[in-house]
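**Student:** Structure of the sequence below:
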Amino acid sequence: METSFGLLFYLKKSNNFREAEVYIYMRITVDGHSAEISTKRKCKPENWNVAAGRLKGKTDVVKSCNAYLDTLQQKVFEAKRKLIETDKELNAENIKNLLLGKDNGKKYMLLEVFQYHNDQMAALVGQEYAPGTLERYKTSYKHTQSFLEWKYKLKDIDITKLNFEFISDYEFWLKSVRKCDHNTTMKYLSNFKKIVIRCIKNGWLQKDPFIGFSMAKREVERSALTEYELELLQAKKFPIRRLELVKNIFLFSCYTGLAYADVQKLKRSEIVIGIDGEKWIFTKRQKTDSPSRIPLLPVALTILKLYEDDLQCKFQDKVLPVLSNQKMNSYLKEIADSCGINKNLTYHIARHTFATTITLSNGVPIETVSKMLGHRNIKTTQHYAKILDRKISEDMKSLRQKYRQY
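**Tutor:** Numbering: from 1, shown residues only. As a prediction, this is how the structure comes out:
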């Protein structure tokens, strides 16, 4: 901490002074060392109160100038407080640099900071982060880069330029230009906010531009196949090999809860004998790198046997010959039409079906379902429980019967 601190407003005449008005300067002194800043305001010497460090008089011009000097004084004390909070050396020059928007002469550019974050994350993939997490931040970086070019015609921007307007415009760009829905937009802004918080913690950015900005996501109804639709799908036999393959792989996820990326990378060595002597899947989710332990149900085991001798699977040490996600989703729409399933059938619906129709609806505790899905937080699993209208109906049947007798 400083042993002495002083702030003085005074008139400073130039060497070749001839004008009637003189510039007002501000002198900051910390422990005997001073720094001067021009206020860019002028005053006639006869109108200056030396003791008060303000203009004399009651005119509107005098009041306006004195109010400005009061604001500068307040900013000096704010700068002093920020230096203390960020554990930076408290001296006159550092206070001056903060007031002038400098940080020891160094500028921090947004995309440079973002790229440095991503480089560090890349070095820790497999230890601290999953590959999918890195990909999301890479995409967020590209979106930020495109937004800067669209809005400001700039390749990069000083982080001190970030404010509420920047965040609001970025949200608008993601929704209008990139055509992102609300929740996807919030995910990208959440990634971006992590970079902003890093800048604040490092003392490079003094104010959080997200203050007052709502990051709330909208409730999304998660679609899943009903028991009847699942039976329709299982009973349907497709003469076209690719459709039968996609149907089987999709059903495998319906009975295991594995996401597309996890089925695609699933190795034969990850099918093991569990604690009960039955076959289990022991794997890690690609998205979160969290462990997932899933006992295999009969339908899933039957599907595995179909591809035991598949040459592609043997060569790649994979469980199933999974096609690209784009092809899978394209063929699933064809399959839904053939089965009379009036839903936009995408691969991720299989995971929802496992969580709801297969497990929760059949009384499997939500803690068990959460563990099998590889969720880190049970709140994520609770979203699936909200759509179980059929389960609620069944649970209330006995209660309804009880009250009918009265």
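
**Student:** list the contacts for the closest residue to M328 other than its chain neighbours?
**Tutor:** What sits nearest to M328 in space, not counting adjacent residues and going by C-beta to C-beta, 6 or more residues apart in numbering, is Y347, at 5.2 Å. Bear in mind the C-beta positions are built from the backbone N, C-alpha and C, glycine included. Shown in contact with Y347 (C-beta atoms under 8 Å, 6 or more residues apart in numbering): 250, 253, 259-260, 325, 328-329, 332.

**Student:** of these, closest to L69?
**Tutor:** Nearest to L69 among these, counting by C-beta to C-beta, is A259 at 62.0 Å.

**Student:** residues in contact with the closest one?
**Tutor:** Counting by C-beta under 8 Å, 6+ apart, A259 touches 253, 285-287, 347-348, 351.

**Student:** Including secondary structure, could those go into CSV?
**Tutor:** CSV is the format used below for the contacts of A259 (DSSP: H, G, I helix; E, B strand; the rest coil):
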residue, secondary structure
S253, helix
R285, coil
Q286, coil
K287, coil
Y347, coil
H348, helix
R351, helix
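
**Student:** biggest separation within these, which pair?
**Tutor:** In terms of C-beta to C-beta, the contacts of A259 reach their longest pairwise distance at R285 and Y347, which sit 15.0 Å apart.

**Student:** follow-up on the earlier one: can you tell me which of the contacts of Y347 end up in helices?
**Tutor:** Cross-referencing the contacts of Y347 against helices under DSSP state H gives 250, 253, 260, 325, 328-329, 332.

**Student:** I'd like these laid out as JSON lines, including neighbour count and distance to T357.
**Tutor:** What follows is the ones in helices among the contacts of Y347, written out as JSON lines (neighbours: other C-beta atoms under 10 Å; distance: C-beta to C-beta, whole Å):
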{"residue": "F250", "neighbour count": "25", "distance to T357": "14"}
{"residue": "S253", "neighbour count": "24", "distance to T357": "13"}
{"residue": "Y260", "neighbour count": "21", "distance to T357": "18"}
{"residue": "N325", "neighbour count": "14", "distance to T357": "22"}
{"residue": "M328", "neighbour count": "20", "distance to T357": "20"}
{"residue": "N329", "neighbour count": "19", "distance to T357": "20"}
{"residue": "L332", "neighbour count": "23", "distance to T357": "17"}
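
**Student:** Which residue ranges of the stretch 301-406 of the chain form helices?
**Tutor:** Secondary structure of the stretch 301-406 of the chain (DSSP state H, counting those that start in this stretch): helices at 311-316, 325-339, 348-353, 366-373, 378-385, 389-404.

**Student:** just so I know, which of the ones you listed lies nearest I28?
**Tutor:** Of the helices of the stretch 301-406 of the chain, nearest to I28 by C-beta to C-beta is helix 378-385, at 50.1 Å.

**Student:** Please list the residues outside that closest one that contact it.
**Tutor:** Helix 378-385 has contacts (C-beta under 8 Å, 6+ apart) with 222, 224, 352, 355-356, 360, 366-367, 369-370, 373, 375.

**Student:** What residues sit buried inside that helix?
**Tutor:** Judged by neighbour count (16 or more other C-beta atoms under 10 Å), helix 378-385 contains these buried residues: 381, 384.

**Student:** same thing with stretch 30-43?
**Tutor:** By neighbour count on 16+ other C-beta under 10 Å, the buried set for stretch 30-43 is 30, 35, 37, 41, 43.

**Student:** Over to stretch 67-80?
**Tutor:** 69, 72, 76, 79-80.

**Student:** With stretch 306-319 instead?
**Tutor:** Buried, per 16+ other C-beta under 10 Å, within stretch 306-319: 307, 313, 318-319.

**Student:** Tabulate those (TSV), appending distance to G274 and pLDDT.
**Tutor:** TSV is the format used below for those (distance: C-beta to C-beta, whole Å; pLDDT from 0 to 100):
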residue	distance to G274	pLDDT
Y307	21	92
C313	22	87
K318	21	92
V319	16	91
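
**Student:** Just those residues: which are in strands?
**Tutor:** With strands taken from DSSP state E, there is no overlap with the buried residues of stretch 306-319.

**Student:** and which of these is nearest I195?
**Tutor:** Using C-beta to C-beta, the buried residues of stretch 306-319 come closest to I195 at K318, 36.9 Å.

**Student:** wait, what's in contact with the closest one?
**Tutor:** Applying C-beta under 8 Å, 6+ apart, the residues near K318 are 264-268, 312.

**Student:** In helices only, show me these.
**Tutor:** 264-265, 312.

**Student:** For K88, state which of those is nearest.
**Tutor:** For the ones in helices among the contacts of K318, the nearest to K88 is K265 (47.0 Å; C-beta to C-beta).
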